[in-house]
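Would you be able to build a 3D model of this:
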Amino acid sequence: MFKLILPVFLALLIYGCSSQRETVLDKNENTSNSKETDAEKQQALDHFINGSVSESKGDYAAAILEYQDALRLDPSAGIYYALAKNYLYLNKLALALQNCRKAVEIDSNIEYMDLYADIYSNARQTDSAVVILEKMLAMDSSKINSYYKLARLYENSKPLKAIEVYNKLTEIIGPEWSVLLHVAELHEKLNNYSEASKAVEEILSIDPSNMQIQKLLMELYQKSGKYDSALQVINDILELTPDDLDARERKGQLFLAQNKWEEASKEYKYILHQEKVPFDIKLRIGVAYFNKSISDSTITPIAKEFFQEIDKDTLDWQVKMYLGAIALNEKDDTTAIENFKLVTELAKWNVDGWVHLGGLYFDNRKYNEAVTVLNEAIGSFPDNFAVNLILGLSYAQQNKHLEAKEYLRKSVNLNPKDINALSAYAYTLNQLKDNDEAVEYLRRALELKPDDINLLGTLGLIYDSQEKWAECDSIYEKALSIDSSNALVNNNYAYSLSERGIKLEKALKMAKLAVEKDPVNSSYLDTIGWVYFKLGDYEKAKNYLEEAIKAGGERAVMLEHLGDVIYMSGQKDHARELWQKALNLDENNNKLKKKIEKGEI
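Numbering: from 1, shown residues only. Have a look, this model is predicted:
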């Protein structure tokens with residue numbers, strides 16, 4: 001009933017005001033015109049009242065029709081205003097703006113201007129809305145609501161101006177919760193954390209027991225570097241509510257911000273021991289400590305403890321994954337393998353578990369196990385790069401190069417710019433005597449990484465096997481110009497020169513450097529022994545070759561070399577025994593067969 005009476009009352013008030021103008025009528029004027037005007041006014045008023053009734057019922061379209069009829073009879077500011085308001089209700093902003101502009105032109109009424117600003121604001125014409133609101137406040141500075149509206153309009157484009165308006169509002173009405181919160185948010189957006197803190201401190205003076213505001217203040221203290229103040233606030237909260245897990249997590253974050261991981265861990269341990277804490281929160285805590293442990297190994301025991309605690313109440317594969325990774329960092333491959341096996345059982349769809357497990361076996365030189373695991377994985381993940389690469393590498397390490405070729409070729413096709421895949425595939429092609437194609441893939445790799453010593457060294461080996469001496473020497477020289485102390489390149493270049501019987505002093509110098517770098521490497525010991533043999537120093541040659549066999553076991557090439565040295569020392573029967581041992585290990589070596597048949601080099 002009140003909603004119905006109010007618009008009718010307003011209508012009467014508006015029309016009462018509009019009819020206050022006194023008119024002096026000529027005594028001879030036709031009184032019939034006056035009667036017609038009064039009748040029109042009455043009709044306009046009837047339409048206006050009908051419109052007000054429809055508006056009060058929420059039937060804005062019907063209200064507009066009534067107001068339009070009223071406007072035709074009496075184009076007054078109040079009717080334009082009513083039309084504008086109802087068009088705004090229907091979100092017809094252009095028509096709302098048009099009618100409100102007419103109302104304001106006729107009468108600069110504060111209420112009309114307020115609607116005018118609202119329409120501009122709804123139309124996202126912020127600057128125009130601001131102009132009107134500022135004009136209103138210049139007319140009447142006590143309009144509290146106008147300050148609110150003006151400040152909100154300034155917030156996105158001119159936050160400092162918004163703060164100024166909010167401060168003016170505070171001067172008028174005193175400290176007010178919502179206003180101060182807006183001020184705090186604006187200062188925080190501007191990174192003025194100290195000023196934001198002051199605003200929140202004022203809010204707390206109004207509502208001192210509000211815990212969320214206390215936590216907000218703690219965050220602002222933290223952001224402004226006032227860690228002691230932040231800690232005091234959070235400790236006050238925990239003194240009253242020690243089981244507030246959110247507060248404990250915030251306290252932990254406060255310690256982390258100061259890089260105090262051990263202090264923070266005490267708060268997180270409390271959280272992890274609570275049964276009602278969701279798994280994802282516990283996991284998040286563990287992951288944060290795991291990530292930190294990568295750069296700071298002192299944190300590893302804490303991360304391990306956290307995941308072991310989480311593991312008590314779950315079989316989630318992610319926990320097993322992190323426990324496996326932690327075991328890897330601790331070089332506890334047995335535990336790592338156990339956990340990654342569980343990952344492959346609990347989450348067969350998760351390729352990371354298979355890759356980690358296969359990679360672990362490969363790194364521990366358990367190539368058979370790697371092949372078994374990854375052959376199972378390849379059925380589910382035939383197009384996974386890592387699965388194909390590690391499986392191919394595992395076969396290659398078993399000298400099963402034909403099997404390796406299939407998977408290494410697939411890995412190259414899947415990731416044509418991966419250096420490891422290109423070089424591994426080139427190596428396998430070389431072992432299969434497909435040297436021209438091997439060179440092609442090595443050159444592709446070198447286009448991506450021209451100064452890669454390993455790639456250059458492998459290419460040098462292939463050129464050596466093809467007896468392309470100029471290319472071989474050029475590649476080795478380039479590699480040494482990049483890293484003159486690289487043991488492998490020095491060794492391989494020295495061996496190539498010694499096999500050709502050229503530049504033996506240079507070869508000896510390089511072989512010595514390689515042995516100094518790795519004194520127990522059987523290949524390096526074999527090379528320097530062979531260089532000494534070529535130089536005719538059979539005693540040193542014999543010593544190094546015997547060390548090589550002792551370090552690396554009996555291999556065909558080393559036994560053959562030692563046989564040659566023994567032969568040159570005059571022990572021909574012993575030499576033949578060594579050659580025969582070598583042939584037993586390398587049955588297709590025709591050069592050895594001839595030595596044994598002839599009994600001489």
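
The longest helix along the chain - contacts with which helices or strands?
The residue-count maximum for a helix in the chain (DSSP state H) belongs to helix 31-56. The contact analysis (3 or more Cβ pairs under 8 Å, 6 or more residues apart in numbering; DSSP states H and E) places helix 31-56 against helix 2-18, helix 60-73, helix 77-89. Where you see a C-beta, it was placed from the backbone N, CA and C, and this is true even at glycine.

Could you report the distance from residue 185 to residue 211?
Taking Cβ to Cβ, to the nearest Å as the measure, residue 185 falls 18 Å from residue 211.

And the two? Which one has more around it.
Using other Cβ atoms under 10 Å as the criterion, residue 185 and residue 211 rank with residue 185 on top: 17 against 14.

Please name the spatially closest residue to that one (chain neighbours excluded).
residue 196 (7.6 Å; Cβ to Cβ, 6 or more residues apart in numbering).

Now do the contacts for the one you found.
183, 184, 185, 187, 188, 220 (Cβ atoms under 8 Å, 6 or more residues apart in numbering).

again with residue 215
So residue 215 contacts 233, 234, 237, 246, 247, 250 (Cβ under 8 Å, 6+ apart).

Just the pLDDT for the fifth one.
You'll see residue 247 listed with a pLDDT of 93.

If I look at residue 25, what pLDDT would I see?
For residue 25, the pLDDT comes out at 37.

and if you look at residue 238?
For residue 238, the pLDDT comes out at 93.

With adjacent residues omitted, what lies nearest to it?
The nearest residue in space to residue 238 (Cβ to Cβ, 6+ apart) is residue 247, at 5.4 Å.

Just the element for that neighbour, please.
helix 245-257 (DSSP states H and E).

Please point out which parts of the one helix or strand residue 403 maps to sit buried.
Taking DSSP H and E as the definition, residue 403 sits inside helix 401-414. Across helix 401-414, burial judged by 16 or more other Cβ atoms under 10 Å covers 401, 403, 404, 405, 407, 408, 409, 410, 411, 412, 414.

What of stretch 500-516?
Quick answer for stretch 500-516 (16+ other Cβ under 10 Å): 500, 503, 504, 507, 508, 510, 511, 513, 514, 515.

what about residue 442, neighbour count?
When neighbours are counted by other Cβ under 10 Å, residue 442 comes out with 27.

Equivalent analysis for the one 5 residues further on, please.
Per other Cβ under 10 Å, the neighbour tally for residue 447 reads 10.

before we move on, what about residue 318?
Residues lying near residue 318 (other Cβ under 10 Å) number 20.

repeat for residue 331
7.

So it versus residue 304, what's the distance?
Residue 331 sits 13 Å away from residue 304, going by Cβ to Cβ.

and if you look at residue 576?
Taken as Cβ to Cβ, the span from residue 576 to residue 304 is 60 Å.

just residue 592 next, same as before
Applying Cβ to Cβ to residue 592 and residue 304 gives a distance of 55 Å.

Also residue 167?
53 Å.

What of residue 368?
Distance of residue 368 to residue 304, given as Cβ to Cβ: 30 Å.

what about the two, which has more around it?
residue 304 (20 against 11).

That one: what's its closest spatial neighbour, skipping adjacent residues?
In space, and not counting its chain neighbours, residue 304 is closest to residue 326: 5.0 Å by Cβ to Cβ, 6+ apart.

give the contact list for the one you found.
The contact partners of residue 326, taken as Cβ under 8 Å, 6+ apart, are 290, 293, 300, 303, 304, 307.

Secondary structure element for it, which one?
Judged by DSSP H and E, residue 326 forms part of helix 317-329.

buried set for stretch 287-301?
For stretch 287-301, the neighbour count (16+ other Cβ under 10 Å) marks 288, 289, 290, 292, 293, 299, 300 as buried.

ok, residue 117 to residue 125 distance?
Taking Cβ to Cβ, one finds residue 117 at 10 Å from residue 125.

More neighbours: those two, which one.
More crowded of residue 117 and residue 125, by other Cβ under 10 Å: residue 117, with 23 against 14.

residues in contact with the more buried one?
Residue 117 makes contact with 129, 132, 133, 136, 146, 149 under the criterion Cβ under 8 Å, 6+ apart.

Got a ChimeraX select line for the buried ones in these?
Restricted to buried positions by 16+ other Cβ under 10 Å, the ChimeraX selection for the contacts of residue 117 reads:
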select :129,132,133,136,146,149
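
Nearest to residue 470 among the contacts of residue 117?
residue 129 (81.3 Å; Cβ to Cβ).

got a pLDDT number for that closest one?
Value for residue 129, per-residue pLDDT: 95.

ok, now residue 425?
For residue 425, the predicted pLDDT is 96.

Neighbours of residue 210, how many?
Other residues near residue 210 number 14, with proximity taken as other Cβ under 10 Å.
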